[in-house]
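Participant: Have a look at this prediction, sequence included:
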Amino acid sequence: MASFNLYLIRHGLAGQHGDYENDFDRPLTDEGQRKTRQVAKRLHDLHVQFDLILTSPLVRAQQTAEILQAAKLSHHLEVATYLAPGGDMQAWLDWLATWSAANKSLALVGHEPILSTWAERLIWGKAQGRLVLKKAGTIGLTVPTSGAVVGTCELFWLTSPKLLLD
């Protein structure tokens, strides 16, 4: 059966939640940028590549996606509103049905708890609250390119960023 690799990547360490008038504008901290660059470099060293990076429109997620792109993990980056907090998984599934995914690799850069919730739904068909995705962490799934997606994916990677840092 044909499949593709899906990487769900949480944004790096960001400024404090209450320090910004609009949470949308909360950026990565200097430490968050540094650690995210290290994670991106390590992913590059491991020959991870994405045909496309989809990112939440929030500043911290876009900065994370741009760091991944700058590390030459992908040439293509798009903003996807359904990856914002409270995002709509069905909107992503609708988009996915139109994307030619066979033998490709896709990265979603976003937030918790939606990324781990989506991963659990894709693996087990429902959220179970068992996967933990740390900031700048990665979940990797093998996704079938035909038939049902929810409940049929296979987990191949779950790592916290500290395992990828130098």
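Facilitator: Right, received. Where do you want to start?

Participant: How many neighbouring residues does Ala40 have?
Facilitator: Neighbours of Ala40 under the rule other CB atoms under 10 Å: 24. Every residue, glycine included, has its C-beta placed from N, CA and C.

Participant: Excluding chain neighbours, give the residue nearest to it in space.
Facilitator: Computed as CB to CB, 6 or more residues apart in numbering, the closest residue to Ala40 that is not its neighbour in sequence is Ala71, at 3.6 Å.

Participant: who's in contact with Met1?
Facilitator: Met1 sits next to Pro144, Thr145, Ser146 when contact means CB atoms under 8 Å, 6 or more residues apart in numbering.

Participant: same thing but 6 Å
Facilitator: Contacts for Met1 (CB atoms under 6 Å, 6 or more residues apart in numbering) come out as Pro144.

Participant: try Gln62
Facilitator: Thr55.

Participant: Make sure I have this right: it is in a strand.
Facilitator: No: read with DSSP: H, G, I helix; E, B strand; the rest coil, Gln62 is helix and lies in no strand.

Participant: Mind pulling up the pLDDT for it?
Facilitator: Reading off the confidence values, Gln62 has pLDDT 98.

Participant: how close does it get to Val143?
Facilitator: When distance is defined by CB to CB, to the nearest Å, Gln62 is 24 Å away from Val143.

Participant: And Gly137, by the same measure?
Facilitator: Noted for Gly137: a distance of 19 Å to Val143, by CB to CB.

Participant: Likewise for Arg42?
Facilitator: Taking CB to CB, one finds Arg42 at 23 Å from Val143.

Participant: If we go by neighbour counts, what in stretch 158-166 is buried?
Facilitator: Using 16 or more other CB atoms under 10 Å as the test for burial, stretch 158-166 gives Leu158, Thr159, Ser160, Pro161, Leu164.
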